[in-house]
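Peer 1: Predicted model and sequence follow; I will ask about them next.
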Amino acid sequence: MRKFLLSLFIILVSTSLLAGETPEVGSAAPSFKLQDQNGDWHSLEDYRGSWLAVYFYPRDDTPGCTTEACNFRDNIYAFKAIGAEIVGISVDDVDSHKEFSDKYKLPFTILADEDAETARAYGVLRDYKLMKLASRQSFLVNPQGQIAKHYEDVDPDTHTQAVLADLNTLMGDAGVSD
């Protein structure tokens, strides 16, 4: 019942205004330095030289967020085959991410944006005064650290396939060795 109420609350408040400006395609991706589900630190610079799918999501272990994470998990070998990395980000804490990652055996990095500064920098923060959430949006970052694609309307059921298709197209246009 608690998960249902939290999910319902997230849906009801999803019409709130976003805080911050969304970076434009072609601009530098906002930098970050955040801890993952294991407490290890990661920065955008760590992914320089690789294509990176950065997906923001509202809350660990809620229905849409679980579907999206599990779809990325189930397609991890397709991402690895093309040399692309995946990073999930929400404003949940490291402990929540650890539990979520362990429960669903997520083989990729989940970053804890507890102060919501990264979500704000990417323009995906929804601030409800009593609660802050990252809206469900994603970005493809090219090997040079620039935003190559922004997904504003994300369907958790089909998003992973769209990201893979777009990565294949972008890599083909830019050359896989970029």
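Peer 2: Now that the structure is in, tell me what you want to look at. On a predicted model such as this, the values are computed, not experimentally measured, just so you know.
Peer 1: alpha carbons only for contacts and neighbour counts from here, please
Peer 2: Noted.
Peer 1: give the contact list for the residue nearest the centre of the chain.
Peer 2: The centroid of the chain falls nearest to Tyr55 when counting by C-alpha atoms, centre = their mean (1.6 Å). Contact analysis of Tyr55 by C-alpha atoms under 8 Å, 6 or more residues apart in numbering lists 86-89, 136-139.
Peer 1: cutoff 6 Å now
Peer 2: 88, 138 (C-alpha atoms under 6 Å, 6 or more residues apart in numbering).
Peer 1: which element is it on?
Peer 2: Per DSSP states H and E: Tyr55 is located in strand 51-56.
Peer 1: Can you point out the buried residues in the helix or strand following that strand?
Peer 2: Note on strand 51-56: by DSSP H and E, the next helix or strand toward the C-terminus is helix 63-74. Buried residues in helix 63-74, defined by neighbour count with 16 or more other C-alpha atoms under 10 Å: 64-73.
Peer 1: contact partners of helix 63-74?
Peer 2: With C-alpha under 6 Å, 6+ apart, helix 63-74 has contacts from 106, 156, 160.
Peer 1: Excluding covalently adjacent residues, which one is nearest to Pro30?
Peer 2: Distance criterion C-alpha to C-alpha, 6 or more residues apart in numbering; nearest residue to Pro30, sequence neighbours excluded, is Ala121 at 6.2 Å.
Peer 1: Read off the pLDDT value for the one you found.
Peer 2: Here, the pLDDT recorded for Ala121 equals 96.
Peer 1: Please report how far it lies from Tyr57.
Peer 2: Distance, Ala121 to Tyr57, by C-alpha to C-alpha, to the nearest Å: 15 Å.
Peer 1: quick one, which of those two is more surrounded?
Peer 2: Between Ala121 and Tyr57, Tyr57 has the larger neighbour count (other C-alpha atoms under 10 Å), namely 28 against 18.
Peer 1: ok, that one - contacts?
Peer 2: The neighbourhood of Tyr57, defined by C-alpha under 6 Å, 6+ apart, consists of 90, 134-136.
Peer 1: hmm, back to that, quick one: strands adjacent to the strand holding Tyr55?
Peer 2: Note on strand 51-56: by DSSP bridges, its sheet partners are strand 84-90 (parallel), strand 137-141 (antiparallel).
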